[in-house]
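Asks: please work out how this folds:
(one chain, ligands or ions: 1)
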Amino acid sequence: MYQKLFIPGPTHVRQKILDAQAEPMIGHRSKAYADLQAEVTPKLQKLLYTEQPVFLFTNSGTGVMEGSIRQAVRPGKKALVTVCGAFSDRWHKIAVANGVPADRVDVPWGQAITPALVMAALEQGDYDAVTVTYNETSTGVLNPLKEIAAAVREKYPDILILVDAVSAMAGAKVEFDAWDLDVVLSSSQKCFALPPGLAVAAVSERALKRAEAVPNRGYYFDFLNFLKYYKRNQTPATPAISLIRALNVQMDDILAEGLEARWARHQQMAELVHAWVRKYWDFFADPNYLSPTVTAVKNTRGISVVELNKALAERGAVISNGYGKLKEQSFRIAHMGDLTPDDIRWLLDQISDILGLA
Ligand SMILES: *Cc1c(COP(=O)(O)O)cnc(C)c1O
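Replies: Next comes the predicted model:
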């Protein structure tokens, strides 16, 4: 039986989007491909409220995390990595693996990174970049990105702000230009509600300028090379053409829904889950920073998450266990992408029914 995905990626993909991938193949150096990229790019710029370049990468989001951190830090400088869960910690692992010197500022899982914390850490000096995970998917925390960026910008005009928006982009507003960010990246399989395999990133003029001063930019993600090809509506290597077609169709639907309406729908789905959590459980995250796209529920009733998912599977749905060390201590319900408030109501009714909550 087919199960509808209420997990934080991959998310439910509509049949129309699956079908959009089934067109005959074209060459990636053909005019037809350049036309496709030229068509989809302005739609992504609208989504991100930006006039700066938005690149398409054929890989999952993690690849762009790696590519962006190594191109953001000049020799002799460091990155500051803010850590509040598993995905924000990944930035640090990536920095270490790439030989990029990085300091970290940690808060306990479930807490948010605040502007004050970031500013205090930046006092140590010698930073070229700071990483922020907008939506920490492992804990269900939406970090105050706009406020963090404003604080950093006011004092440090040259520090690059690298944002993992993998589980936020297309589900929550990110104003790339107005917030003055430098790299904001995402993957296709979360709020975009596409199959996995494609990543999208807005890259600022400032980040491109910085890349010029970094000798070891790497090869596959070299932003300067990307820019060169971007100018002729291409990518340096063969892109996932089928996925880009699906993205093009999906972007039309996203823009037709209306961006404000899309953010509001995500918020509405989140609030349905929040009300249910308040009634029967507790939040894993600080309730002041709840994510609009995924909720981590503290397993205060000591249920078996594995058994719950087995029962849900029979009814045609799947949710997520807690991330890593939180496997049985929490479970996560994603409310992102093309799910609807009715889907969420149905899911919550199923869980309540299975567990006998009343
Ligand atoms: C899913 C996720 C990632 C990993 O993305 P991939 O596309 O699997 O590489 C990174 N960060 C966050 C916040 C995520 O939710």
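
Asks: on the three-state scheme, residue 19 is what?
Replies: In three-state terms, and counting by DSSP: H, G, I helix; E, B strand; the rest coil, residue 19 is helix.

Asks: for it, give me the pLDDT.
Replies: Listed pLDDT for residue 19 reads 98.

Asks: could you report the neighbour count for it?
Replies: Per other Cβ atoms under 10 Å, the neighbour tally for residue 19 reads 11. Every residue, glycine included, has its C-beta placed from N, CA and C.

Asks: quick check: residue 195 touching residue 18?
Replies: Yes - contact criterion Cβ atoms under 8 Å: residue 195 and residue 18 qualify, at 7.5 Å.

Asks: CA atoms of stretch 164-177 as PDB?
Replies: C-alpha atoms of stretch 164-177 as PDB (Å, rounded to 0.1, in the frame of the first residue of the first chain):
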ATOM      1  CA  ASP A 164      20.800  26.100   5.400                       C
ATOM      2  CA  ALA A 165      17.200  26.700   4.400                       C
ATOM      3  CA  VAL A 166      16.700  23.100   3.300                       C
ATOM      4  CA  SER A 167      13.500  22.500   5.300                       C
ATOM      5  CA  ALA A 168      12.300  26.100   5.100                       C
ATOM      6  CA  MET A 169      12.700  27.300   1.500                       C
ATOM      7  CA  ALA A 170       9.300  27.300  -0.300                       C
ATOM      8  CA  GLY A 171       7.600  26.800   3.100                       C
ATOM      9  CA  ALA A 172       8.600  29.900   5.000                       C
ATOM     10  CA  LYS A 173       9.500  33.300   3.800                       C
ATOM     11  CA  VAL A 174      13.200  34.000   3.100                       C
ATOM     12  CA  GLU A 175      13.900  37.500   1.800                       C
ATOM     13  CA  PHE A 176      17.300  37.000   0.400                       C
ATOM     14  CA  ASP A 177      18.000  40.700  -0.700                       C
END
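
Asks: thinking again about what came up before, so for residue 195 and residue 18, which residue has more residues nearby?
Replies: residue 195 (18 against 12).

Asks: run through the residues that contact the more buried one.
Replies: Contacts for residue 195 (Cβ atoms under 8 Å, 6 or more residues apart in numbering) come out as 10, 13, 18, 21, 188, 189, 243, 246.

Asks: A strand includes it, no?
Replies: No - according to three-state DSSP, the state of residue 195 is coil, so it is not within a strand.

Asks: any stretches of the protein with poor pLDDT?
Replies: Nowhere does the chain drop to pLDDT under 70.

Asks: what about the helices in it?
Replies: 15-20, 31-47, 61-70, 86-97, 115-122, 145-155, 205-212, 223-230, 241-257, 259-280, 305-315, 341-355 (DSSP state H).

Asks: what's the first one packed up against?
Replies: By that I understand helix 15-20. With contacts taken as 3 or more Cβ pairs under 8 Å, 6 or more residues apart in numbering; DSSP states H and E, helix 15-20 sits against helix 241-257.

Asks: how many other residues sit next to residue 143?
Replies: By other Cβ under 10 Å, the burial measure for residue 143, its neighbour count, is 28.

Asks: thought it was touching residue 130?
Replies: No - Residue 143 is beyond contact range of residue 130, at 11.8 Å (criterion: Cβ under 8 Å).

Asks: need the overlap of contacts for those two.
Replies: With Cβ under 8 Å, 6+ apart as the test, residue 143 and residue 130 both reach residue 82.

Asks: looking at the helices of the chain, which is buried most?
Replies: Looking across the helices of the chain with neighbours counted as mean count of other Cβ atoms under 10 Å, the highest average goes to helix 61-70: a mean of 24.

Asks: that one vs helix 223-230, what angle?
Replies: Counting by axes from the mean of the first three to the mean of the last three Cα atoms, to 10 degrees, helix 61-70 lies at 120 degrees to helix 223-230.

Asks: so what does helix 61-70 touch, helix or strand wise?
Replies: Where contact means 3+ Cβ pairs under 8 Å, 6+ apart, helix 61-70 is packed against strand 54-57, helix 86-97, strand 160-164, strand 183-187, strand 199-203.

Asks: which residues does the fourth one contact?
Replies: In other words, strand 183-187. 9, 48, 60-61, 64-65, 68, 72, 134, 160-166, 168-170, 174, 176, 192, 196, 198-204, 207.

Asks: out of the contacts of residue 195, the closest to the ligand would be?
Replies: residue 189 (6.3 Å; Cβ to the nearest ligand atom).

Asks: that closest one: neighbouring residues, count only.
Replies: Neighbours of residue 189 (other Cβ under 10 Å): 25.

Asks: could you dump the helices and strands packed on helix 61-70 to TSV with distance to the ligand?
Replies: Below are the helices and strands packed on helix 61-70 laid out as TSV (distance: least, Cβ to the nearest ligand atom, whole Å):
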stretch	distance to the ligand
strand 54-57	10
helix 86-97	4
strand 160-164	5
strand 183-187	3
strand 199-203	7
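
Asks: of all these, which lies closest to residue 308?
Replies: helix 86-97 (21.4 Å; Cβ to Cβ).

Asks: what sits closest to residue 27 if chain neighbours are left out?
Replies: residue 33 (6.6 Å; Cβ to Cβ, 6 or more residues apart in numbering).
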